[in-house]
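>>> Pasting the sequence and the predicted model now:
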Amino acid sequence: MDYLRNFFVNLARSWTAWIGGFLPDWGVNLVNYLVVGIILVLMPVIATLTLTWMERKVIGRIQNRIGPNRVGPWGIFQAFADAVKMLIKEDIVPSGADKPVFNLAPILIAGAAALLWAVVPFGRGMIGQNLNIGALYVVAVGSITTIAVIMAGWSSNNKFALLGAFRVVAQLLSYEIPMVLSIATVVLVTGTMRMGDIVERQVAPFIVVLPVAFITYLLAAAAETGRAPFDLLEADSEIVAGYFVEYSGLKFGWFYIAEYGNLFAIAAITTTLFLGGWRGPFVSVAPALGPFYFVIKSVAVIFVLMWIRGTWPRFRIDQMLAFAWKVLVPASLANLLWSAIVLQIGRQPEQLGPTIVQMILLLVGNVAILAVTGLLLGRAARRYAAQHGWAGA
Amino acid sequence: MQQAIFIILALLTLGAALMTVITRNLLRAALWLVATFFGIAAIFILLRAEFLAVAQILVYVGAISTLIIFAIMLSRGIMDPDQVRFNGQWGVVGGFAALLFVVLAVIVTRVPWPAAAGGAPVGDAPADAIARLGAAFVGPYAIPFEVASVLLVVAMIGAIIIARERE
Amino acid sequence: MTAETIATAQATAAASHPYNEVVPGAVLEATKTGLVVSPDRIVELARYLRDEQGYDYCSMVTSIDWPQYFEVVYYLYGAATPKDALVLRVRLTDKANPVMPSLTSVWRGADFQEREVYDLMGVRFEGHPNLRRILLWEGFEGHPLRKDYKEPYFEEESKPFKSRHPDGAHQWAEDRVPWKDNVSYPVGWDPDLWRSPEVQYRRIMGVDEATGNGDGLRTERILVNMGPQHPSTHGVFRMVIAVEGENVVGLEPEMGYLHRCHEKIGERNTYIMNIAFTDRLDYVSSMSNNLGYVLAVEKLMGLQVPERAEYIRVIMAELTRIISHLIAVGFLFNDLGAYFTPALYGMRERELILDLFEAAAGSRMMCNYMRFGGVMADLPAGWVERARNLVWNRLPKVMEDFENLLSGNEIFQSRTHGVGVLTAAEAINYSMSGPMLRASGVPYDVRRAEPYSIYDRFEFDVCSRPEGDVWARFRVRMDEIYQSLRILKQALDGLPEGPIMPPGKKQYQVRVPAGEAYARIEGPKGELGFFVVSDGKPNPYRYHVRAPTFINLTSLEKMTLGHKIADAVVILGAVDIVLGEVDR
C-alpha cells in the first residue's frame, strides 16, 4: 500500500536499483536518460492518438452526431486506423518545391512539439528536467515552431501555403508578447522559473488569483498553436490548409502530431501555471494521485478548446492582430505592473509564493482590470457601431 | 570530452555561418542564419549559461530571423528567389567587414579574460545565477542596459517613420 | 396587302410610338411581346428608359435563333418603384456576323448575361468590357444554342429519340460514333498553346492590355486561384483573385465547370421531360424550380390550376425557401470558420422537411412534383399533421436557437458588419435579386410586386435591411424564414379539399400553342425566371432559365475589392450560390 501511494517514484527507484545490479553508474544514467527521453518523445504521438479521437467525439456530439463508432468500442481505435492510412499513403513532393527545406520542416515542427514535454511536471519530482529557466524555455521552444511553419509555407511552392506563412509571422509574433507577459506575471508571483517549483508554490490555483493572466495565456496559447478561433494559419475555408497544404502521407502526419502534441502541451502548461498542476485532494498522502489530477485538469482545458472550436467562427487577420495589441497586451501589462506593486507590499525575505493578503490584493486588481477591459471594449464597439450606423448591433 | 563537443559545435556554427554568406538563394541563407543562431545557443549551454541560450533562441531564432524571413518574403520575386550575389556596394561592404574583423581580433587578443585563466567552468552554475544576472542589469550595468533600450526605441521610431512616409 | 405595305404600315405605327419622340428611330415595331428596337439606337433608348421611365432593373437577357435573324431579348422592370415588364427585342439579320452594342454601360447586370448570350448564341456585344466565353471553355467550337449546332453524338433534333433501341436492344450512341469525328476545335486552336493565367487575367492584375506593362511595379500582386477545388466555393466555382498581401485588388469569377448545356437539352426534351430536369438546377430547392417552369408553360397553355394544387404549391415553395435559407445561413458560418456546427444544425431541420417532400413526391431532393395544371400526387394521409407540427412547434424553436447561438456572436458580428457593401442603387444596377437585393434596402419581392400563384391571398412582410452588407444578407434570410412560417401557417389552415389536377385525361405529351412566355417567381435565392418559346411542336423552340445566383455573381468583384481574402470567402458565401444553377 505504501508502495502504491508514491507508485511512480517508487517504481523508478526499484527500476534503477534493479538495473544498477548489473550496470555501472554511467550505464544506469544512460539507460534512464534514454527511457525518459523516449517516453517524452512518444508523448506527442500518444497525445495525437487519444486527442484526435476525443476531438472527433466531442465535436461530433456538439454537432448532433455520434462521431467515430466503427473501429473498436466507441470507435477508440479510429486514430490507429487513421495512422495506418497515413503511413501507407504516397509521399508527394510538389514540383518546384525547395526539397531540403520542404522535408526538414515537418521534422523540426514535430521536434519542437516533443521538446516542450521536457519541462512539464506530471507530479512531484516527475519532470523531465526541472530547468531553472523552465518558463522561458517553453516560450523559446514555441518560437522554433514559427520557423518550421515558415519553412513549410515557403518551400511548398504554393500560394495558399505562402499566404499561410505570411499569416504565421504576423500572428505568432504578436501573440508571443501577451503570452510572455502572462507567464512573467506567474513567474513574478512565484519568484521562480522552474516549472516544478511553480506548482509547489501555488497554494491556491492561480486561475482564481490571476484570472487576467489565465485568460490572456489561454487565448495567446490557442493563437500560438493555431486553435480556433485563431486558426487562421490553416483556415481551411479560406486558404485551404495554409502552410501544410502540399504535405501528404507521413510528413502530413508529422504536422498532425505536432498540432495535437502542442495542444496537449499548452493544456499541460496551463495546468502547471494556473490550475495548480498535480495538486489536489490527498496528494500529500498519496503522491501517485498527482499525475491523475494533472491529466484530468489538462483534459478539461483541452475540452474547453475543443468546445470553442466546435462553436465559434474565426477571426479575420486584422481583427486578430488588433485584439492582441489593443486588448491583450495592455491588459497583461497592467496585470504585470499591479503584481509587481503588490509583491512589494509586505514583502518578507526568503518568501516563497504569495501570502494570503497578497493573493487577495492580486485578485482585486485582476477583477478591476477585467472590468475596465470589458467596459472599454463595450464602449468601443458601441461607438464603432454608431459611426457606421448599424442598427441592432 | 567538453573540448570535443565544443569543436564540433564550433565547426557546425561556422559552417552554417559560411553557408549563410555563400548561398545564392536568399531565403535559404536566412535559414542557414537560423542554424548559426542555434549553434551559438548550444555553445551558451556548454558554458552553463542556460538563460542566455534560451534568450538567444527566443530573440534571435523566434523574432529576428522570423522578421528577416518575412522581409524577404515581402520583397519582390519571392517565387523566384535566386538572386545575384553581388550588387554595386560589395566593395564598400567588404572593406567594412574586414575592418570589423580587425577590430574584433584586436579586442579578443588584448582583453585579459579573467575566467579563461581558470579554464572552463566546472560543475553547475550557481542556483541564483539568473537572479544575479538580473541584479547586474539594474546595478553595475544599468547604463549600458539603458543605452541599449534607447537604441531600440530609436530604431522603432525610425521604422514607424519609414512606414508612414510610404503611405 | 403586299409585304411592302405591311412594312410601311408597321413603320408608321412604330413611328408614332411615344419613345420615338425622345429617341428618334429607336422603336421599329411595337408587338404584343414587346418593342422591336433598332440596334443602333438601343443604348440611347435604354438610358432614357432607365433614367426617365423608371425601368432601372434589367432582369433578364436572352436570345432566340429564328430562321431569318437572331433576336436578343431584354426584360426590364422597375425595382425602386415596381413596374410591369417592358420587353426590348433586337433583331440581328446578319446571321453570319451578329453584332449589337452592349448595354452593360446602362445596366451592369447585363454583364454576365450578355457574355452568356455571346458564349452560347454567338452574338457579339460591342463595348462590353470583358467579352469572353463564360460557361464554355476557350477551346469549344461553335455556339450550342444556335439551331444549326450539332453536339458530339448528335442523334436527332428532338426527343424521344427513335435511335436508342434499333433492334429492340439498347444501344449507346457513343458506341456508334467514333470520338474523332465529333470533337473539333476552333480554327487555329492548339491546347498546348493555352494562354497562361498571367495573360488571361491581365485586367485584375493591373496590367495594361496593350503594352503588357502595368502599375504593378510598387507592390507585388499574387494571382490566387480559389477553386474549382476549394472547400469554400460551394462547388466547382472558381474565383481568380489578385492579392497584395491579404488584400484583394482584383477578382474574376470563372464558372462553367458544371455546365451541361441545360438549355440545349431542354430544347431537345419534350415539355414534360423538362420538369424533372429543372430539379437539377438549384438542387437545394427543386420544388421552386418546378414551380417556375410549370408557371411559364401554364401561361402558354392557358391552364387553370385547381385550388388545392395552388395551396400545395405554395406550401412546397415556402418549405423549400426555409431549407435553402437554413443551409445558406449554416454554410455562411462554415465559411467564417465555425467548423460545420451551424451547418449541421441547419441540415438536421432540412432532413425533417425532406421527409415531408419524400412522403408527398417520393423523392427527397429531386422532387419532380409539379405538373402543368397541378401537382403530381395528392398529399398522403397524415402529411398535413406532420407539417403542422413542424411549422407550429418545431421550426419556431429551432429559429430561437439559431438567434441565440448565431446572431449574437461577437466574432460573427465583427466579421460581417460593413463587409461586402452594396448600396441600393448599385444592387439594382447590378440586377441583384432576392435576399441580396432586399439586404441593400430595396424591398422588392416578386411575390408582392407581381404576385403569381395565390400569393396575393397571404399576409406577409417583405423583409429588407438598409445596410447592404453580409450581416444584412444573413438577417434578411433569417427574417424570411419567419415570414415563410407565417405563410405556411395561413396556407396549411386554408388548404381546401378538391382535385389536384385540372379535369381531363392525364397525358404525357402536352399540346402547347405557339407563343412566348416568361414566368418569374421569388425563388429562395432570388428571382427565378423561365422563358419558354413554343412553335407548336412537342418540344420548346427556346428554353431559357434566368438563374438568380448566376446573375447575383455579377457584383462579386464590386463587393470584394478592398477586403481581405477571408472576407472574399464570406461575401461569396452570403451570395449563396448553387453551382447546378450557376453553370446550368
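Now that the structure is in, tell me what you want to look at. Numbers count the residues shown, from 1 in each chain, chains lettered A, B, ... in the order given.
>>> what helix or strand does whatever residue of chain C ends up closest to chain A sit in?
Nearest to chain A, among the residues of chain C, is C:Gly337, at 2.7 Å (C-beta to the nearest C-beta). Placement of C-beta: from N, CA and C, glycine included. For C:Gly337, there is no host helix or strand (DSSP states H and E).
>>> Could you measure from the closest residue in space to it that isn't next to it in sequence over to C:Asn334?
Closest residue to C:Gly337 apart from its sequence neighbours, by C-beta to C-beta, 6 or more residues apart in numbering or on different chains: A:Arg314 at 2.7 Å. Using C-beta to C-beta, to the nearest Å, A:Arg314 is found at 10 Å from C:Asn334.
>>> and these two? which has more neighbours close in?
A count of neighbours by other C-beta atoms under 10 Å in any protein chain shown puts A:Arg314 above the other of A:Arg314 and C:Asn334, at 27 against 23.
>>> so that one touches C:Leu336, yeah?
Yes: between A:Arg314 and C:Leu336 there is a contact at 6.0 Å, judged by C-beta atoms under 8 Å.
>>> Would you work out how far apart the start and end of stretch C:433-451 are?
Start-to-end span of stretch C:433-451 (C-alpha to C-alpha, to the nearest Å) is 16 Å.
>>> Please identify the buried residues of it?
The neighbour-count check on stretch C:433-451 (16 or more other C-beta atoms under 10 Å in any protein chain shown) flags C:433-447, C:449-450 as buried.
>>> Tell me which helix or strand comes right after the lowest-mean-pLDDT helix or strand in chain C.
None of the helices or strands of chain C scores lower by mean pLDDT, DSSP states H and E than helix C:3-15, at a mean of 54. Downstream of helix C:3-15, the first helix or strand assigned by DSSP H and E is helix C:18-22.
>>> now that following helix, how far from the chain's geometric center?
Distance of helix C:18-22 from the chain centroid (C-alpha atoms, centre = their mean, to the nearest Å) equals 32 Å.
>>> For the helix or strand where C:Leu528 lies, which helices and strands make contact with it?
Per DSSP H and E, C:Leu528 falls inside strand C:526-534. In this structure, strand C:526-534 packs against strand C:57-65, helix C:286-301, helix C:435-438, strand C:515-523, strand C:542-546, helix C:548-552, with contacts taken as 3 or more C-beta pairs under 8 Å, 6 or more residues apart in numbering or on different chains; DSSP states H and E.
>>> Can you pull the poorly scored residue ranges out of the chain?
No chain specified, so I'll use chain A. Along chain A, the parts satisfying pLDDT under 70 run over A:1-6, A:125-126, A:128-129, A:233, A:235-237, A:346-353, A:385, A:387-393.
>>> was after chain C, sorry
Chain C contains residues with pLDDT under 70 at C:1-15, C:163-166, C:168, C:171-184, C:189, C:191-200, C:202-220.
>>> domain ranges for it?
For chain C, automatic domain parsing gives the domain ranges C:3-126, C:199-258+C:547-584, C:305-509.
>>> Just give me the longest helix of chain B.
Scanning chain B for the helix with the most residues, using DSSP state H, yields helix B:142-165.
>>> tell me the phi and psi of C:Pro466?
Dihedral pair for C:Pro466: phi -80, psi -20, per degrees, to the nearest 10.
>>> What number of residues are in the vicinity of it?
Look at C:Pro466: counted by other C-beta under 10 Å, it has 14 neighbours.
>>> Touching, it and C:Gly441? I think so.
Yes: using C-beta under 8 Å, C:Pro466 is in contact with C:Gly441, at 4.2 Å.
>>> Find residues that contact each of these two.
Counting by C-beta atoms under 8 Å, 6 or more residues apart in numbering or on different chains, C:Pro466 and C:Gly441 have no contacts in common.
>>> Noted, bye for now.
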